[in-house]
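> what's the 3D shape of this:
(one chain, ligands or ions: 2)
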Amino acid sequence: MPRKSIKFLGLDDAGKTSIILAIKEKFGYIEKVEKLKPTKLVERDVFQFLNLEIIRHDFGGQEQYRDDYLRNPHKYLANTDIVYYVIDVQNNDRYTESTEYLDSLLLYYKEVREYIPVMILLHKFDPKLKEDRDLNKRVLLLKQSLLKYKEFQIYFFETSIFDIKAIMDAFSTGLSFLYENIEMLYNYFEDVSKNFNLVFISLLDSAGITIGEYYTALRLIDKLKIYNLYLEVLKKVQSENKELYEFSDKFTNGKRFSGVIEVLNLSGFDFYLLLIIEEQEDLEKTIGALDMIEAEKSRMETIISQIIS
Ligand SMILES: Nc1nc2c(ncn2[C@@H]2O[C@H](COP(=O)(O)OP(=O)(O)OP(=O)(O)O)[C@@H](O)[C@H]2O)c(=O)[nH]1
Ligand SMILES: [Mg+2]
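Ligands and ions are numbered 1, 2, ... in the order given. Predicted coordinates for the structure are as follows:
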């Protein structure tokens with residue numbers, strides 16, 4: 001199985017270990033997060049994502065460790081496929097320290113010509129702070145100051161342990177860089193979505209990592225709601241060994257939606273396909289979308305096999 005290496009870097013207390021815990025557990029992790037101790041040097045774990053074996057490195061961010069990594073970059077930093085760089089946006093006293101650390105890291109990668117994708121997680125952007133003007137201004141300035149790394153593909157995400165969907169989006173987006181042809185799936189989902197009037201379509205792996213998704217304008221809060229519903233349903237699908245699960249609920253604007261989760265085995269891997277459609281009076285469209293999954297399976301199979309080949 002091909003191996004890839006991903007690295008979580010950032011200052012101490014930025015929230016790296018918390019993010020990894022959230023990704024792994026998805027529910028009920030807040031209490032554990034509050035009890036976390038600073039990470040000593042580098043902690044590794046391995047997980048499988050489609051046909052890849054991924055080694056995840058959680059780099060302790062205390063100063064003595066950072067010095068160590070930068071003194072021995074070949075030992076610690078080489079051979080990286082994706083960097084997740086975590087910044088605590090609530091601690092603006094340390095923005096400069098954090099950007100300097102990122103500077104040093106990217107300088108090393110530049111020297112060795114590893115122009116890796118860098119996901120910058122503007123973290124601890126808690127839901128209650130979303131409308132905070134001062135914070136938004138500071139973060140905007142911070143982003144602007146980070147646009148100088150022209151050689152690297154830099155992506156920004158606003159994350160919080162209180163928003164599991166935002167964390168999973170950042171994580172999934174990073175992993176999508178491991179597949180060259182992933183655009184095929186995005187384009188396909190866009191087409192399907194338009195043809196069948198879907199509000200949302202998403203293909204996830206059994207660990208809740210999004211392989212591809214497409215949604216029409218959805219409010220953030222609704223996206224989070226859908227993802228949480230998905231996680232709830234996933235628990236049921238897994239414990240009751242079901243292949244198909246239907247549910248329905250309301251958006252914040254009061255309109256009702258129907259959802260379907262189906263377990264699909266494509267190219268030897270288990271996937272979860274999630275579809276959301278606005279509920280119609282006559283339920284015809286709901287049924288149409290269900291039939292669609294059946295009809296489109298072989299097309300999806302082809303696309304997935306092309307992506308992972
Ligand atoms: N408000 C808020 N606090 C958070 C969030 N994420 C993490 N924290 C808190 O930040 C503290 C530090 O989190 P860690 O995940 O241990 O930080 P770290 O980056 O792994 O630190 P080192 O291991 O020393 O490099 C924890 O006590 C968490 O409670 C968040 O999204 N919002
Ligand atoms: Mg840590």
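> which stretches of the stretch 101-250 of the chain have low pLDDT?
Counting by pLDDT under 70, the stretch 101-250 of the chain contains no low-confidence segment.
> which residues of it fall in strands?
With DSSP state E, counting those that start in this stretch as the definition, the stretch 101-250 of the chain shows strands at residue ranges 118-123, 154-158, 200-205, 210-215, 244-250.
> winner for burial among those strands?
The highest mean neighbour count among these, using mean count of other C-beta atoms under 10 Å, belongs to strand 118-123: a mean of 25. (Each C-beta comes from the backbone N, C-alpha and C, glycine too.)
> give me the contacts around it.
With contact meaning C-beta atoms under 8 Å, 6 or more residues apart in numbering, strand 118-123 is reached by 10, 14-15, 19, 82-89, 106, 139, 142-143, 146, 149, 152-160, 167, 170, 173-174.
> now distance to Glu100 too, for the strands of the stretch 101-250 of the chain, in CSV please.
Output for the strands of the stretch 101-250 of the chain, formatted as CSV (distance: least, C-beta to C-beta, whole Å):
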stretch, distance to Glu100
strand 118-123, 14
strand 154-158, 16
strand 200-205, 36
strand 210-215, 33
strand 244-250, 46
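> of these, which approaches ligand 1 most closely?
strand 118-123 (5.5 Å; C-beta to the nearest ligand atom).
> tell me which strands the closest one pairs with, and in which orientation.
strand 82-88 (parallel), strand 154-158 (parallel) (DSSP bridges).
> dump the last one to PDB, keeping only the CA atoms.
Spelled out, it's strand 154-158. This file holds the C-alpha atoms of strand 154-158, laid out as PDB (Å, rounded to 0.1, in the frame of the first residue of the first chain):
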ATOM      1  CA  ILE A 154      -1.800  27.800   0.500                       C
ATOM      2  CA  TYR A 155      -5.300  27.200   1.700                       C
ATOM      3  CA  PHE A 156      -7.000  28.900   4.700                       C
ATOM      4  CA  PHE A 157      -9.700  27.400   6.900                       C
ATOM      5  CA  GLU A 158     -11.400  28.800   9.900                       C
END
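> and that strand, does that touch ligand 1?
No. Shown here: strand 154-158 not in contact with ligand 1 (C-beta under 6 Å from any ligand atom), separated by at least 10.1 Å.
> list buried members of the contacts of strand 118-123 by neighbour count.
10, 14-15, 19, 82-89, 106, 139, 142, 146, 149, 152, 154, 156-160, 167, 170, 174 (16 or more other C-beta atoms under 10 Å).
> any chance of the strands paired with strand 118-123 in a markdown table, plus distance to Glu31?
Below are the strands paired with strand 118-123 laid out as a markdown table (distance: least, C-beta to C-beta, whole Å):
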| stretch | distance to Glu31 |
| --- | --- |
| strand 82-88 | 20 |
| strand 154-158 | 23 |
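> out of these, which comes closest to Met300?
Nearest of the strands paired with strand 118-123 to Met300, taken as C-beta to C-beta: strand 82-88 at 25.0 Å.
> pLDDT averaged over the closest one - what is it?
Mean pLDDT, strand 82-88: 98.
> identify the residues contacting it?
4, 6-11, 13-16, 19, 94-95, 98, 102, 105, 109, 116-124, 142, 170-171, 174-175, 177-178.
> ok now that strand, how far from the chain's centre?
Strand 82-88 has its C-alpha centroid displaced from the chain centroid by 12 Å (C-alpha atoms, centre = their mean, to the nearest Å).
> that one near ligand 2 at all?
No. Using C-beta under 5 Å from the ion, strand 82-88 stays clear of ligand 2, with a minimum separation of 9.4 Å.
> close to ligand 2: what parts of the chain are there?
So far as C-beta under 5 Å from the ion goes, the chain lies against ligand 2 at Lys16, Thr17, Thr39.
> show me the contacts for the first one.
Residues touching Lys16, when contacts are defined by C-beta under 8 Å, 6+ apart, comprise Phe8, Leu9, Gly10, Thr39, Asp58, Phe59, Gly61, Tyr84, Val86.
> hang on, Gly28 is in a helix, isn't it?
No. Read with DSSP: H, G, I helix; E, B strand; the rest coil, Gly28 is coil and lies in no helix.
> per-residue pLDDT, it?
At Gly28, pLDDT is 87.
> what about it, how many neighbours?
7 (other C-beta atoms under 10 Å).
> same thing with Asp291?
Around Asp291 there are 10 residues (other C-beta under 10 Å).
> what's the answer for Asp169, then?
For Asp169, the count of nearby residues is 19 (other C-beta under 10 Å).
> do Asp93 as well
8.
> pLDDT score for it?
The model's pLDDT for Asp93 equals 97.
> next: Glu281.
67.
> go on, Lys285?
67.
> mind listing what the closest residue to ligand 1 within the stretch 51-200 of the chain touches?
Ligand 1 sits closest to Gly61 of the stretch 51-200 of the chain, with a gap of 3.0 Å, by C-beta to the nearest ligand atom. Residues in contact with Gly61 (C-beta under 8 Å, 6+ apart) are Leu9, Gly10, Leu11, Asp12, Asp13, Ala14, Lys16, Pro38, Thr39.
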